[in-house]
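In: Got a predicted structure plus its sequence, pasted below:
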Protein chains: 2
Amino acid sequence: MARGPFAGVLAPVLTPFNADLSVDSARFVGFAKDLLGHGCSALVPFGTTSEATSLSLDERLELLTALREAEVPGHKLLPGVGLPNLPETVRLTRAAVNHGCGGVLLPPPFFYKNVSDAGLYDFVRELIQRVGDDRLRLYLYHIPGQAGIGWSPALVERLFTDFPETVVGLKDSGGDWSYTRDLLHKHPGFSVFVGNEHYLRDALELRGAGTITASANVNPHLLNRLYECWGRSGGDELNEAVIAYRKALEAFPTIAGAKAVVARRTGHPGWTRVRPPLTSLPAEQANALLQKLNALEAFTAGAGRALGGR
Amino acid sequence: MARGPFAGVLAPVLTPFNADLSVDSARFVGFAKDLLGHGCSALVPFGTTSEATSLSLDERLELLTALREAEVPGHKLLPGVGLPNLPETVRLTRAAVNHGCGGVLLPPPFFYKNVSDAGLYDFVRELIQRVGDDRLRLYLYHIPGQAGIGWSPALVERLFTDFPETVVGLKDSGGDWSYTRDLLHKHPGFSVFVGNEHYLRDALELRGAGTITASANVNPHLLNRLYECWGRSGGDELNEAVIAYRKALEAFPTIAGAKAVVARRTGHPGWTRVRPPLTSLPAEQANALLQKLNALEAFTAGAGRALGGR
């Protein structure tokens, strides 16, 4: 079983839109590069937080090209390839491999419910065979709350066993710590990322690979310090700060909330736009969120000092 | 509020695949034409039963072109336009309008959960504005079991009110008769199709428009007789026959089961193929299903005679 190439704090990069709701590609690339400079070890374009399913396949392909043309290194890219059908999943995955991406993040095809493990296995096997490239590294994306189906422990084990050089990790957004814990115990060589930093320190204690989390769009530096320092003195305080930040974000719709934060910080109001069916955060909610985050800053700075942070 | 252009029994047309899982376009078109000759008043290519979400956008566009090139009349086509993102939904809908299709069937964008009515309203409004064609007729597709979200009664009313010439009907696959009944009572001019013939007669009594049902792929003639004769003497027996047929189909995964039936009837084993994540019906289950359906035939023929059916 291969250990996957990614570790640390990865951001599912927010996607900015122009006034006509087209993708603001230049701003997306600039923001992605900023995240790499502020604590993210790598990027997940086209995650759930990126509104990936609200983008067309062509838009995703164009953004991937734009990132590479802007010299974002392929090994720092783990694009999401969540699509409900096989041919388009193959197409996007093949493009990612050809762009030199370190891996792809694969949710189960997400329309049909009560799908069997055998059917999901067939989907992954067909994907791997059709892409047909030894460079492919697949991370399973477990997000049953949105997909309505998930990667069962038995299926995960079967995929690891049958494709040990290709299926190298999993992002767990299931919110069930026992699922994460059992995976970490059972497959120590496997790269498990938590989708929520509530579980980050617990996962790191069991050799977890890190986190892929919406918060990394707005709080990458603090998350990265927790990742780097979790075992040291002061780690408790830092962990509390990270979790307090997350709780503040979670009190509102997360994607719209994160975009509202970026809009205020960058001074570009266009960041608040989301594509339907999502809706932007109303101004009074955005104000309440920003107030909460500002109130956390003294606390956060304190945690940084305790650890001798930069 | 406009009454929609469709009525009767509509089939969400099954999609046949070649051995490499590519679409068997010629067989699809031939099967679609057969359905029109055997009791279906119109067709729904790219419904749930068609494995629409397992097809790429390009495949759907090509099949639509193939149907029209084979002279299937546009006014007999109500293609599904279920995609989780706006740009591709616009593209497929615009193609359908330009092909002269009588309408399109629109599920809500189906990845995000806990989506607000306001966000879904924005999605539909943007779709209508971007297609920008007076010929567009939209049927909402209510299928919360698969989509994870649905069209709430309040949202349906708002859409009917704001787009009275465009939003003209709804297919109800929610399985909750009170939802269907309330819609029929409240909006008598609206074209409501039931997604399951369990409720067909009840809906017709309230001026329902008919049914769009998986069973129409294998049982169109009997369904059409029920639609045409539901109020007459003998209707009870016919209704029982239709429901018994449906129950037999529902005892197995419906899409794979319907394909197994078509495979046996046509003698083309390729019909049994489904795309992952679905799986074909194992042979023993296909045998059990066929036996059940055969056992129903005497009963069915009796119901036909009682009504002087052909």
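Out: Done, it's in.
In: Quick check: residue A:122 touching residue B:279?
Out: Yes: in this structure, residue A:122 is within contact of residue B:279 by CB atoms under 8 Å, at 7.0 Å. For every residue, glycine as well, the C-beta is placed using N, CA and C.
In: Now stretch A:260-273: buried residues?
Out: Residues of stretch A:260-273 classed as buried: A:260, A:261, A:262, A:263, A:264, A:271, A:272, A:273 (neighbour count, 16 or more other CB atoms under 10 Å in any protein chain shown).
In: Ignore what I typed, I meant stretch A:94-106.
Out: So for stretch A:94-106, counting by 16+ other CB under 10 Å, buried means A:94, A:95, A:96, A:97, A:99, A:101, A:102, A:103, A:104, A:105, A:106.
In: Adding secondary structure, write these out as JSON lines.
Out: Formatted as JSON lines, these follow (DSSP: H, G, I helix; E, B strand; the rest coil):
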{"residue": "A:94", "secondary structure": "helix"}
{"residue": "A:95", "secondary structure": "helix"}
{"residue": "A:96", "secondary structure": "helix"}
{"residue": "A:97", "secondary structure": "helix"}
{"residue": "A:99", "secondary structure": "coil"}
{"residue": "A:101", "secondary structure": "coil"}
{"residue": "A:102", "secondary structure": "coil"}
{"residue": "A:103", "secondary structure": "coil"}
{"residue": "A:104", "secondary structure": "strand"}
{"residue": "A:105", "secondary structure": "strand"}
{"residue": "A:106", "secondary structure": "strand"}
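In: Which members of those are the farthest-apart pair?
Out: For the buried residues of stretch A:94-106, the farthest-apart pair by CB to CB is A:99 and A:106; their separation is 16.3 Å.
In: Report the rounded mean pLDDT for the helix or strand harbouring residue A:260.
Out: Using DSSP states H and E, residue A:260 falls within helix A:254-266. For helix A:254-266, the mean pLDDT works out to 97.
In: Summarise which helices and strands that helix is packed against.
Out: helix A:235-250, helix A:283-306 (3 or more CB pairs under 8 Å, 6 or more residues apart in numbering or on different chains; DSSP states H and E).
In: Enumerate the residues of the stretch 1-150 of chain A near chain B.
Out: Contact residues, the stretch 1-150 of chain A versus chain B (CB under 8 Å from any CB of the partner chain): A:21, A:48, A:53-59, A:82, A:84-88, A:91, A:108-113, A:115-116, A:118-120, A:122-123, A:126, A:145-149.
In: Show the contacting residues for residue A:49.
Out: Residues near residue A:49 by CB atoms under 8 Å, 6 or more residues apart in numbering or on different chains: A:12, A:13, A:14, A:214, A:217, A:254, A:255, A:258.
In: try 6 Å this time
Out: Neighbour list for residue A:49: A:12, A:214, A:255 [criterion: CB atoms under 6 Å, 6 or more residues apart in numbering or on different chains].
In: How about residue A:118?
Out: residue B:279.
In: Give me the contact list for stretch A:63-74.
Out: Contacting residues not belonging to stretch A:63-74 are listed as A:25, A:29, A:99, A:100, A:101 [CB under 6 Å, 6+ apart].
In: Closest to chain B out of these?
Out: Among those, residue A:25 lies closest to chain B (CB to the nearest CB), at 14.1 Å.
In: how about the strands of chain A, start to end?
Out: Ranges of strands within chain A are A:8-12, A:42-44, A:104-106, A:138-142, A:167-172, A:191-194, A:210-212, based on DSSP state E.
In: Report the strands that pair with the fourth one, each with its relative direction.
Out: Read it as strand A:138-142. Paired neighbours of strand A:138-142 in the sheet (DSSP bridges): strand A:104-106 (parallel), strand A:167-172 (parallel).
In: How about residues contacting it?
Out: Strand A:138-142 is contacted from outside by A:103, A:105-107, A:150-151, A:166-167, A:169-172, A:174, using CB under 6 Å, 6+ apart.
In: Going by distance to residue B:190, which of these wins?
Out: residue A:107 (35.6 Å).
In: Quick check, that closest one in contact with residue A:147.
Out: Yes: contact criterion CB atoms under 6 Å: residue A:107 and residue A:147 qualify, at 5.3 Å.
In: ok, the residue nearest to residue A:90 when sequence neighbours are not counted - how many residues close by?
Out: Spatial nearest neighbour of residue A:90, excluding adjacent residues (CB to CB, 6 or more residues apart in numbering or on different chains): residue A:130 at 4.6 Å. Using other CB atoms under 10 Å in any protein chain shown, the number of residues around residue A:130 comes to 17.
In: With the one 5 residues further on instead?
Out: Applying the criterion other CB under 10 Å, we find 14 residues in the vicinity of residue A:135.
In: My understanding was that it contacts residue A:96; is that so?
Out: No: look at residue A:135 against residue A:96 with CB under 6 Å: they stay out of range, at 9.8 Å.
In: can you tell me which residues contact the closest residue to residue A:133 other than its chain neighbours?
Out: Spatial nearest neighbour of residue A:133, excluding adjacent residues (CB to CB, 6+ apart): residue A:97 at 4.9 Å. Residue A:97 is in contact with A:133, A:135, A:136, counting by CB under 6 Å, 6+ apart.
In: go with 10 Å
Out: By CB atoms under 10 Å, 6 or more residues apart in numbering or on different chains, the contact list for residue A:97 reads A:74, A:103, A:104, A:131, A:132, A:133, A:134, A:135, A:136, A:137.
In: State the distance from it to residue A:191.
Out: 18 Å (CB to CB, to the nearest Å).
In: Read off the pLDDT value for the residue nearest to residue A:100 when sequence neighbours are not counted.
Out: Of all residues beyond its chain neighbours, the one nearest residue A:100 is residue A:74 (2.8 Å), with distances taken as CB to CB, 6+ apart. Per-residue confidence (pLDDT) for residue A:74: 98.
In: got the strands paired with strand A:138-142 as CSV, with mean pLDDT columns?
Out: Formatted as CSV, those follow (pLDDT from 0 to 100):
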stretch, mean pLDDT
strand A:104-106, 98
strand A:167-172, 98
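In: in the stretch 51-200 of chain A, which spans are helices?
Out: For the stretch 51-200 of chain A, the helices defined by DSSP state H, counting those that start in this stretch cover A:57-69, A:86-98, A:117-131, A:144-147, A:153-162, A:177-186, A:200-205.
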